[in-house]
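S.K.: coordinates only, sequence not included:
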């Protein structure tokens, strides 16, 4: 895997044509680096914003597509091991029909839960237009936050990457504890 210095050098050399595909996979830190390079005059800020938002949306749609069209092609035994029994998928579909927007935005904001939530939305067969709308609502402020962070403090992208990882871990642990407490509460109060 490339280090952040190598990624920054490659983005500086090849420009937004490299930002787009790399941001699909590593959105936040690539956004920070690209915005920092924009602050130094290497890129115009407007195109950076457009590219990172579109790349984030594309990456999210690919995760959705994996859930919608990929997981169903797995052999039955594998789906069972992943917990994708028909009753659970029906429950997931009901959840996303009622609370899909809220779930998607929460997944986007916690960052560490984003991929599972996006795949689950696809598995639940959430309507694509609705998925894209809520995903856009979550992506724009998140991307703009990382653009502002990069534009103002991007020279410290190594430390920023560390903090993104730490905050993501804290949010993940907090979310898992909350889910665990909710499950415990439901079991004991039936």
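M.R.: That came through fine. What you are looking at is a predicted structure, and each value in this text was computed from that prediction instead of being measured. Residues are numbered from 1 along each chain as shown.
S.K.: Spell out for me which residue occupies the centre of this structure.
M.R.: The chain has residue 114 as the residue nearest its centroid, 4.2 Å off, counting by Cα atoms, centre = their mean.
S.K.: Isn't it up against residue 107?
M.R.: Yes: counting by Cβ atoms under 8 Å, residue 114 touches residue 107, with 4.8 Å between them. No exception for glycine: its C-beta is placed from N, CA and C like everyone else's.
S.K.: Helices of the chain, residue ranges please.
M.R.: In the chain, the helices defined using DSSP state H lie at 4-14, 16-25, 27-39, 45-65, 76-81, 86-110, 114-123, 128-153, 157-188.
S.K.: neighbours around residue 95, how many?
M.R.: Using other Cβ atoms under 10 Å, residue 95 has 16 other residues around it.
S.K.: Identify the residues contacting it.
M.R.: The neighbourhood of residue 95, defined by Cβ atoms under 8 Å, 6 or more residues apart in numbering, consists of 103, 124.
S.K.: if we can go back for a sec, let me have the helices of the chain in JSON lines, adding mean pLDDT as columns.
M.R.: Output for the helices of the chain, formatted as JSON lines (pLDDT from 0 to 100):
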{"stretch": "helix 4-14", "mean pLDDT": "78"}
{"stretch": "helix 16-25", "mean pLDDT": "85"}
{"stretch": "helix 27-39", "mean pLDDT": "87"}
{"stretch": "helix 45-65", "mean pLDDT": "94"}
{"stretch": "helix 76-81", "mean pLDDT": "78"}
{"stretch": "helix 86-110", "mean pLDDT": "84"}
{"stretch": "helix 114-123", "mean pLDDT": "88"}
{"stretch": "helix 128-153", "mean pLDDT": "92"}
{"stretch": "helix 157-188", "mean pLDDT": "79"}
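S.K.: Tell me which of the ones you listed is the most buried.
M.R.: helix 27-39 (a mean of 25; mean count of other Cβ atoms under 10 Å).
S.K.: Touching it from outside, list them.
M.R.: Contacts of helix 27-39 (Cβ under 8 Å, 6+ apart): 4, 7-8, 11-12, 16, 19, 22-23, 43-45, 48, 51-52, 55-56, 59, 111, 142-143, 146-155, 157, 160-161, 164.
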